[in-house]
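Engineer: I'll drop the sequence and a predicted model, then ask my questions.
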Amino acid sequence: MSETYGDWCRRCAGAPVAAANRLLGSGGLVVLAPHPDDETFGTAALLGEVAQSGRPLGIVALTDGNASHPHSKAVPPAALAKNRRLEQEAAIAAFGIMAPRWLRLGLPDGGAGRDRRFGNAPEQIARLCEEIGAETLAAPHPDDPHPDHHAAAALAEAVRALRPQLRLLFYPIWSLRLSGDDSYRGADLLPFRIVVDRNIKARAIDCHASQLGKIIEDDPDGFTLPDWFLEAQAAPYEIYALAPMPGNVPPPSHFSQLYADDGDPWHARASRYEIDKRADNCDQLKGLIFDSGLDIGCGEGHLARALVENGIAHAIHGVDRNEAIVARARRAHADIPALCFETRALPADLPEGRFDLVVVSELLYFLDERGLATLARLLAERMTLGAGLFLVNYRGETGTPLSGRAAHDLFVALFGASLRSISLRQTEGYRAELLQFCPEGAEARANAAP
């Protein structure tokens, strides 16, 4: 799916300012770098998070970048390749990362995708992802204007075909060269901005001396990073594009079948797991009092009832897209006037009004990326300043494109800097997080970076 580069830039200008860890999840990161500096220019924000969290990092260098100065006698291609490898290692160390895993494919600079070894690379990278426990793969944007960057993006998508559970982030490098009318993939991607530590990034860039015109003096036609490009590296954010996970979410008919004949597919009424989970959810919110709650994907309304009975919410409006389950909720809780339930076509059809508590329990992973973005946008219009957002998601296999953790992280990331985490509980079965909606000053908080 394509749009123009101008369209993409306009979307990026208003993209959420997300925390890097929300896009990366809890596992390792593998970065595909066409040349031994692309990771520095395109993924400095991610590398900074790796240094802080200590998560495993793998760097896949497609080429050694030995074609940048083809006419130099003082530094012939083999010597340049060695030098650029050392520069790349020094740059990674400048971020504070001491022990990354390296996979150097040794493909030809300028022709990585045409080399016969290219066909074996996806399996090599997939094995690296498994070995370091990678959850996320980062690669240049598919339309970034350089053949080796196209090759790296194609590799990333081939790896994801082998390991479909991987999150895939694209980053731009030379896209700044494009005009606004140039075709650019974006319609299926979600843009995010991530704050970057500009001081650390500048130190890492300085490690790439061969590309800054500081080493090779006998090839005046050789490549040197242009001033306009280096100036752009001082931006407070880096842009990342999240690719959709493969597969499709279950259609509404799937739930109609599950709920038919009074079905209770997740044993929400009486299983010890569900009863204990509701009790733990109420304990996590204990001491807080909300006036008007919205329970999205309320099911039979058992959590909504527990929240009202425990004095946590004065009233809750529950919505679900399945008419039969809403009818059941109305019958089961007709004795509590503070509860009302309504059928809505989620995620796009939410009730009007202002809510100081929003509960989204065991729903997010049944939506795709676009559905999550729609839900986040509509909720931001309905939550009061300081409202609580309570998310509960299953940690096991969901049979959906997005896992519970991935959907949870993405949903929070879509709010940008407008959410502040208040409390987090995690058991073997589920992850429950209470966040506070603080849109005022969100941009200022996002900009508070070196």
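Structural biologist: Great, that's in hand. None of the values given here were measured: they were computed from a predicted structure.

Engineer: all helices of the stretch 151-300 of the chain, in order?
Structural biologist: Secondary structure of the stretch 151-300 of the chain by DSSP state H, counting those that start in this stretch: the helices cover 198-206, 227-232, 252-259, 272-284.

Engineer: winner for burial among those?
Structural biologist: Stretch with highest mean neighbour count among the helices of the stretch 151-300 of the chain: helix 198-206 (a mean of 18; mean count of other CB atoms under 10 Å). To be clear about C-beta, it is placed using only N, CA and C from the backbone, and glycine gets the same treatment.

Engineer: packing partners for that helix?
Structural biologist: Other elements packing on helix 198-206 under the criterion 3 or more CB pairs under 8 Å, 6 or more residues apart in numbering; DSSP states H and E are helix 38-42, helix 44-53, helix 77-94.

Engineer: would you mark the buried spots in stretch 409-427?
Structural biologist: For stretch 409-427, a neighbour-count test (16 or more other CB atoms under 10 Å) marks 409-419 as buried.

Engineer: now do the same end-to-end measure for it.
Structural biologist: End-to-end span of stretch 409-427 (CA to CA, to the nearest Å): 17 Å.

Engineer: average pLDDT across it?
Structural biologist: Per-residue pLDDT over stretch 409-427 has a mean of 97.

Engineer: centre of the chain versus it, how much separation?
Structural biologist: Relative to the chain's own centre, stretch 409-427 is displaced by 12 Å; criterion: CA atoms, centre = their mean, to the nearest Å.

Engineer: which residues of the stretch 1-150 of the chain fall in strands?
Structural biologist: Across the stretch 1-150 of the chain, reading from the start of the chain, the strands by DSSP state E, counting those that start in this stretch fall at 2-4, 28-33, 57-63, 101-107, 134-140.

Engineer: point out the most buried one among the helices and strands packed on helix 198-206.
Structural biologist: For these, the largest average neighbour count (mean count of other CB under 10 Å) is found in helix 38-42, namely a mean of 27.

Engineer: I'd like the average pLDDT over that helix.
Structural biologist: On average, the pLDDT along helix 38-42 is 98.

Engineer: over to stretch 94-112?
Structural biologist: In this model, stretch 94-112 carries a mean pLDDT of 97.

Engineer: of all the residues in it, which ones are buried?
Structural biologist: Counting neighbours by 16+ other CB under 10 Å, one finds that the buried residues in stretch 94-112 are 94-95, 97, 100, 103, 105, 107-110, 112.

Engineer: ditto for stretch 301-315
Structural biologist: Of all the residues in stretch 301-315, those buried under the rule 16+ other CB under 10 Å are 301-308, 312-313, 315.

Engineer: and it, end to end?
Structural biologist: End-to-end distance of stretch 301-315 (CA to CA): 12 Å.

Engineer: now that stretch, how far from the centre of its chain.
Structural biologist: Centroid separation for stretch 301-315 versus its chain: 32 Å, with CA atoms, centre = their mean.

Engineer: re the thing from before, just put the helices of the stretch 151-300 of the chain in JSON lines and tack on mean pLDDT.
Structural biologist: Compiled in JSON lines, the helices of the stretch 151-300 of the chain are given as follows (pLDDT from 0 to 100):
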{"stretch": "helix 198-206", "mean pLDDT": "98"}
{"stretch": "helix 227-232", "mean pLDDT": "96"}
{"stretch": "helix 252-259", "mean pLDDT": "85"}
{"stretch": "helix 272-284", "mean pLDDT": "96"}
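
Engineer: from the chain's centroid, how far away is stretch 380-388?
Structural biologist: Counting by CA atoms, centre = their mean, stretch 380-388 comes out at 23 Å from the chain centroid.

Engineer: OK, contacts around residue 180?
Structural biologist: Listed by CB atoms under 8 Å, 6 or more residues apart in numbering, the contact partners of residue 180 are 4-6, 9.

Engineer: PyMOL command to pick out the buried ones of those residues?
Structural biologist: Provided next is the PyMOL selection string for whichever of these are buried by 16+ other CB under 10 Å:
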select buried, resi 4+5+9
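
Engineer: specify which member of the contacts of residue 180 is nearest to residue 53.
Structural biologist: residue 9 (30.1 Å; CB to CB).

Engineer: the closest one and residue 179: what is the separation?
Structural biologist: Look at residue 9 and residue 179: by CB to CB, to the nearest Å, they are 11 Å apart.

Engineer: got any ranges where this structure has weak pLDDT?
Structural biologist: The chain contains residues with pLDDT under 70 at 1-2, 441-450.

Engineer: rewinding a little: of all pairs in the contacts of residue 180, which one is the farthest apart?
Structural biologist: The distance between the two most remote of the contacts of residue 180 (CB to CB) is 8.9 Å, for 4 and 9.

Engineer: can you tell me which of the strands of the stretch 1-150 of the chain is nearest to residue 329?
Structural biologist: Across the strands of the stretch 1-150 of the chain, residue 329 has its closest neighbour in strand 134-140 (35.8 Å, CB to CB).
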